[in-house]
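Peer 1: Pasting the sequence and the predicted model now:
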Amino acid sequence: MDRKKIDLLQVLYRHAGDFHGTGWACKKGCSACCTQSVTMTTLEGREIVSFLKKIGASKVCESISKAAGEIDIPKMTTNRFASLCIEEDESQDIEEEGSWNFSSCMFLKDGSCSIYEVRPFSCRCLLSRTPCSEQGYAVMDPVTITLNTVFQQLIEHIDQGGYWGNMVHVVGSLLMDTDPDCQQEEEQCFSKLLPCSPLPGFVITPEEQLEVKRVVDRLFSSSIGGGTFNEAMQEVVAGNRYQ
């Protein structure tokens, strides 16, 4: 089942890349946005841990241990947040104050990403039309932000049965298979993760509906394993329910 999840993830990455297109200011060495405020699923985390094992990365536990205690637990997953928006539930505190940490990412080496080929979607989708260092924030059009959220929701939906949280905690919770010396970090980090939630629907403005539908329809109808992305996703989600 994990192989099917990974295949779905790769297809989603490709379609997101096609949608994003070109014309962005981002380039190698531009690392203003490479902070520890990155969230992702354990599905993406397993890809990172496998990559670290393959390249024989050292001192990962040390970096995890240093960073893990400095990062708060996000209050809710992307799909949980969307669910509250759809339900218009104003009784829940949905502010994320305290969950941001703008210190440099532990995988940033000499101004470049050392895990670039397996970086999570939260990193892939953070793009800007102008250099972030010039004004302190990324410049994206609203529909790109919305579609990035849609893709993040789909990744979480695919990884039901898995967990979601800050990248430091996700990677730390999965390191046992790579380094037995990380047991303490694994236990500490796992307690800070949230279960992945199912897709409740999308939060889309009327002005964005046609463009979002075009991109999502193309993704859902794309080929994978002799069927469509949507069929494979439904099969994986159904399998998650019985695990």
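Peer 2: Arrived safely. Predicted model only: the values in this text are computed from it and were never measured.
Peer 1: Now do the closest residue to Phe202 other than its chain neighbours: how many residues are near it, please.
Peer 2: Closest residue in space to Phe202, ignoring its immediate chain neighbours: Val150 at 5.5 Å, by C-beta to C-beta, 6 or more residues apart in numbering. C-beta: built from backbone N, CA, C; applies to glycine. Using other C-beta atoms under 10 Å, Val150 has 21 neighbouring residues.
Peer 1: In terms of helices and strands, where is Val150?
Peer 2: Using DSSP states H and E, Val150 maps to helix 142-158.
Peer 1: got the contact list for Ser191?
Peer 2: The contact partners of Ser191, by C-beta atoms under 8 Å, 6 or more residues apart in numbering, come to none.
Peer 1: and it, what are its phi and psi?
Peer 2: phi -70, psi -10 (degrees, to the nearest 10).
Peer 1: How about Gly165?
Peer 2: Torsion angles at Gly165 (phi, psi; degrees, to the nearest 10) stand at phi 170, psi -170.
Peer 1: At the geometric centre of this structure, which residue do we find?
Peer 2: Met40 (3.3 Å; C-alpha atoms, centre = their mean).
Peer 1: I'd guessed the residue nearest to Phe202 sits against Val212; true?
Peer 2: Yes - using C-beta atoms under 8 Å, Val150 makes contact with Val212 at a distance of 6.3 Å.
Peer 1: any common contacting residues for these two?
Peer 2: 202, 204.
Peer 1: Average pLDDT for stretch 148-161, rounded please.
Peer 2: The average pLDDT within stretch 148-161 is 97.
Peer 1: buried stuff in that stretch?
Peer 2: Neighbour counts over stretch 148-161 (16 or more other C-beta atoms under 10 Å) mark 148-161 as buried.
Peer 1: The lowest-mean-pLDDT helix or strand in the chain: what's the following helix or strand?
Peer 2: None of the helices or strands of the chain scores lower by mean pLDDT, DSSP states H and E than helix 183-190, at a mean of 71. Downstream of helix 183-190, the next assigned helix or strand under DSSP H and E is strand 194-195.
Peer 1: pLDDT averaged over that next one, what's the number?
Peer 2: Average pLDDT, strand 194-195: 96.
Peer 1: again, but for stretch 82-90
Peer 2: 84.
Peer 1: Stretch 51-60 now?
Peer 2: 77.
Peer 1: which helices and strands does the longest helix anywhere in the chain pack with?
Peer 2: If you go by DSSP state H, the chain has its longest helix at helix 2-20. Contact analysis of helix 2-20 by 3 or more C-beta pairs under 8 Å, 6 or more residues apart in numbering; DSSP states H and E lists helix 42-55, helix 121-124, helix 142-158, helix 209-221, strand 223-224, helix 229-241 as its packing neighbours.
Peer 1: Next, the buried residues of it.
Peer 2: 4-6, 8-9, 11-13, 15-16, 19-20.
Peer 1: Just the angle for that helix relative to helix 229-241, thanks.
Peer 2: 140 degrees (axes from the mean of the first three to the mean of the last three C-alpha atoms, to 10 degrees).
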